[in-house]
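[1] what shape does this take:
(3 chains)
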Amino acid sequence: MRLKRRNNRILSEKRVLMKDMLEGLTESQLEAVMHRDGPMLVIAGAGSGKTRVVTCRIAYLISNGVWPSQILAMTFTNKAAREMRERVEAMTGEQARQVGTFHSCCARFLRRDIELLGDGRTRDFTIYDTSEQQATLKKALEADNLKLPPGLTPRGMQALISQAKGQRRAVLDLACANNYQNPELIAKCAESYEARLRQCNAVDFDDLLLLMADVLERFPEQREIYHNRFRYVLIDEYQDTNHLQYELMRLLVGPGDNIHVTGDPDQSIYSWRGADYSNIMSFTKDYPNARVVTLERNYRSTQTILDVANELIEHNLNRYEKSLYTENIGGYPVYDVTVGTDRQEAEWICRSILSLNEEGNNLRDMAVFYRTNSQSRALEEAFVTNQIPYQLIGGLRFYDRKEVKDLLALLRILVNPSDLVSLERVAGLFGKGVGSTTLTKVMLAARANGISSVELLAHEDFASLYGRATPGLRRFAELIRNLRSIPLFPVLEAVEMVLEVSGLKDLYANEVDDEERVANIEEFVGNVNRFGAEHPDGDLAQFLEEVSLVADIDSHDEESDFVTLMTLHSSKGLEFPYVYIAGVEEGLLPHSNALGDPEAVEEERRIFYVGITRAKRGLVLLHSQTRFLWNRCDYRRPSSFLAELPEDIVTRLFYGVRGRKK
DNA sequence: AAGACGGAGGTTTTT
DNA sequence: CCTCCGTCTT
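    Okay, the predicted model is just below:
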């Protein structure tokens, strides 16, 4: 009784918030928010309040009696998912747990369902990243006595496999279609890789989606469970879904067709990853009764910035026609700065940032974007020299650092004893005298006994099961046995025990000049601690899964007062009052690999468009006459895109330019 | 059979 | 500039 009264009070507070929330929305936004059943497509221009619409719709559904657990929302990054969850919780007081990336949602589903497939994988599977995929491929080919056809590198093969999975197509089929020589051999190599993955109880990124689609397709009763569980499905950034994600969506959406997708064809920038924006273009063909809402009013940028963006994107021939407008009239001019060298480019940006900072702007309000990660170097140097605090997004991820990967490998063999890639890594670190030949022997002996390599090494009868082992191998087996005796819960204790038993920290502490490594290990432990606090009953497997699926952008910190440095790709979905785009040069933006291919150039234009539309108040485009690329100084030409911008709005500036005409 | 050393080659964007 | 591969030595 008392409880009920309390609930009523909470409910009425919710309604008040809900009313406030709906108040500022435009008519078309309201239409998107208050849509209840059936398919809906929201074409949301940059800065049109898309995130707000999606979160409001979730909150609206919840306040109309839909349980939060019945709403499945899939986003592009973990950061976007986190924001969405936080906003929904702030509005409704309810936790929207089923909000995540495609990959993290599928990983979670597969923890329950992967064993249905009966391919030998268990719920303790490991997720391999691209470099681990390549390692798996190399080992698989070696073990099966196969060689890739000449001209195809492991890296290229991994990309081909990924592409095939993303299109849900056989590798043989794709290799034939792409005119590879010897497609049969390629298919054989791919099968060898798949078998090895299964043997390792591992999946690659694409498998998370692919295997989940298999589960839903092969087990109709399972599909029904999901349909009953998820009454409403929402997908964000729909323009960046690939065919596999599309099929997964079709399988997940139940008979009520309660599918709500949002996206912007002009911001489709991941075609190289298999994204197919015909998915968004043909949504109304898939669902002829779909309601379509287009959001064209921009709440983010000044008219000046929008004029530049609109005029640029008009040059794309193949596009869904729409035009952004705003009521934020005027604004600062957009600058097009010519500099002499890439160092001057960085210097100009730093000076500009410092003067904005002196005028009272926060550093967190400024961001520098570039096309390629390698451009960050010159910028970073200038930021260090000028003592401007910055945060770099991208490049080498935290979890990709050597020492962090070493620790991860140790943790992974605790959870998944079949993980040969991690075992190999651990052997390379600690197994003095244990090389790949020995490990192969161990693997064969393990197979003969019907257990995994790690289980054999950790076995109390290792000596009798394996036969004569070298002292080095015996010591290594003992280390594995000690590691395997560590309890997996709580996670923090497990990690600290692993550090102690393995002596990993000492290993780096003894190497000179490696304070950073030790610091990274400490940061890792800090992350584990935070995970433990956020997920009190989370186990090591869950922690490892989370770590495998984080992107660098997920760590973007908007609170601290840092300037943000990142690629144009990473900038999608964000906004900053002041934006600098560096290296607006032919060959860089558009990138040289795209030149000559009209479709690729259109995608480059969209990449530029995404960068421009991040800016709220100030926008500066820079290009240099010379640039150090691959350790060589090259003469550069301004991007052809600059000529497409409205001349009367863009103000040209020069810095450090020699022999300037006019 | 492992490990160290030297040379060559390759760098768009990332869940 | 940094990683991967192959060869040579122990």
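[2] what's the first helix or strand after the host helix or strand of A:R112?
    Using DSSP states H and E, A:R112 falls within helix A:102-113. For helix A:102-113, the following helix or strand on the C-terminal side (DSSP H and E) is strand A:126-128.
[3] for whichever helix or strand comes after that following strand, packing partners?
    Going down the chain from strand A:126-128, the next helix or strand is helix A:130-143, by DSSP H and E. Helices and strands touching helix A:130-143, by 3 or more CB pairs under 8 Å, 6 or more residues apart in numbering; DSSP states H and E, are helix A:154-166, helix A:183-199, strand A:202-204, helix A:420-430. For every residue, glycine as well, the C-beta is placed using N, CA and C.
[4] list the buried ones in helix A:130-143?
    Neighbour-count burial for helix A:130-143, counted by 16 or more other CB atoms under 10 Å, picks out A:E132, A:Q133, A:Q134, A:A135, A:T136, A:L137, A:K138, A:K139, A:A140, A:L141.
[5] want to throw those residues into JSON lines with pLDDT and distance to A:F476?
    Converted to JSON lines, the buried residues of helix A:130-143 look like this (pLDDT from 0 to 100; distance: CB to CB, whole Å):
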{"residue": "A:E132", "pLDDT": "89", "distance to A:F476": "21"}
{"residue": "A:Q133", "pLDDT": "90", "distance to A:F476": "25"}
{"residue": "A:Q134", "pLDDT": "89", "distance to A:F476": "25"}
{"residue": "A:A135", "pLDDT": "88", "distance to A:F476": "19"}
{"residue": "A:T136", "pLDDT": "90", "distance to A:F476": "21"}
{"residue": "A:L137", "pLDDT": "89", "distance to A:F476": "25"}
{"residue": "A:K138", "pLDDT": "88", "distance to A:F476": "22"}
{"residue": "A:K139", "pLDDT": "87", "distance to A:F476": "18"}
{"residue": "A:A140", "pLDDT": "88", "distance to A:F476": "23"}
{"residue": "A:L141", "pLDDT": "87", "distance to A:F476": "25"}
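[6] of all the helices and strands packed on helix A:130-143, which one is nearest A:A494?
    A:A494 lies closest to helix A:420-430 among the helices and strands packed on helix A:130-143, at 15.2 Å (CB to CB).
[7] need the residue closest to the centroid of chain A.
    The centroid of chain A falls nearest to A:A551 when counting by CA atoms, centre = their mean (4.4 Å).
[8] what about the strands in the stretch 251-400 of chain A?
    Taking DSSP state E, counting those that start in this stretch to define them, one finds strands in the stretch 251-400 of chain A at A:259-263, A:291-295, A:334-339, A:366-370, A:390-392.
[9] next, find the distance separating the residue nearest to A:V88 when sequence neighbours are not counted from DNA strand B.
    Counting by CB to CB, 6 or more residues apart in numbering, A:V88 lies nearest to A:A96, which is 4.4 Å off, once chain neighbours are set aside. Using CB to the nearest atom of the strand, to the nearest Å, one gets 18 Å for the distance from A:A96 to DNA strand B.
[10] tell me the phi and psi of A:A96?
    phi -90, psi 90 (degrees, to the nearest 10).
[11] which of the helices and strands packed on helix A:130-143 has the lowest mean pLDDT?
    In terms of mean pLDDT, the lowest-scoring of these is helix A:420-430 (a mean of 87).
[12] any buried residues in the helix holding A:R112, and which?
    A:F102, A:H103, A:S104, A:C105, A:C106, A:A107, A:R108, A:F109, A:L110, A:R111, A:D113.
[13] ok, the residue nearest to the last one when sequence neighbours are not counted - how many residues close by?
    With CB to CB, 6+ apart as the measure, A:V215 is the residue that lies nearest to A:D113, at 4.9 Å, once sequence neighbours are left out. Counted with other CB atoms under 10 Å, the burial measure for A:V215 works out to 21 neighbours.
[14] element containing A:V215?
    Assigned by DSSP H and E, A:V215 falls in helix A:205-218.
[15] and the angle from the helix holding A:R112 to helix A:205-218?
    50 degrees (axes from the mean of the first three to the mean of the last three CA atoms, to 10 degrees).
[16] what's in contact with helix A:102-113?
    With contact meaning CB atoms under 8 Å, 6 or more residues apart in numbering, helix A:102-113 is reached by A:72, A:74, A:78, A:81, A:98, A:100, A:123, A:125, A:127, A:203, A:205, A:208-209, A:211-212, A:215, A:222, A:226, A:241, A:245, A:248, A:541, A:545-546, A:548-549.
[17] got the buried residues for the helix or strand hosting A:V404?
    Assigned by DSSP H and E, A:V404 belongs to helix A:402-415. By neighbour count on 16+ other CB under 10 Å, the buried set for helix A:402-415 is A:403-415.
[18] restrict these to those near DNA strand C?
    Among those, no residue sits close to DNA strand C (CB under 7 Å from any atom of the strand).
[19] now pLDDT too, for the residues you listed, in JSON lines please.
    Below are those laid out as JSON lines (pLDDT from 0 to 100):
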{"residue": "A:E403", "pLDDT": "83"}
{"residue": "A:V404", "pLDDT": "86"}
{"residue": "A:K405", "pLDDT": "88"}
{"residue": "A:D406", "pLDDT": "88"}
{"residue": "A:L407", "pLDDT": "90"}
{"residue": "A:L408", "pLDDT": "91"}
{"residue": "A:A409", "pLDDT": "91"}
{"residue": "A:L410", "pLDDT": "91"}
{"residue": "A:L411", "pLDDT": "93"}
{"residue": "A:R412", "pLDDT": "93"}
{"residue": "A:I413", "pLDDT": "90"}
{"residue": "A:L414", "pLDDT": "93"}
{"residue": "A:V415", "pLDDT": "93"}
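[20] quick check: A:R637 vs A:V528, distance?
    49 Å (CB to CB, to the nearest Å).
[21] residues from the stretch 51-200 of chain A in reach of DNA strand C?
    Counting by CB under 7 Å from any atom of the strand, the residues of the stretch 51-200 of chain A near DNA strand C are A:S131, A:K138, A:P154.
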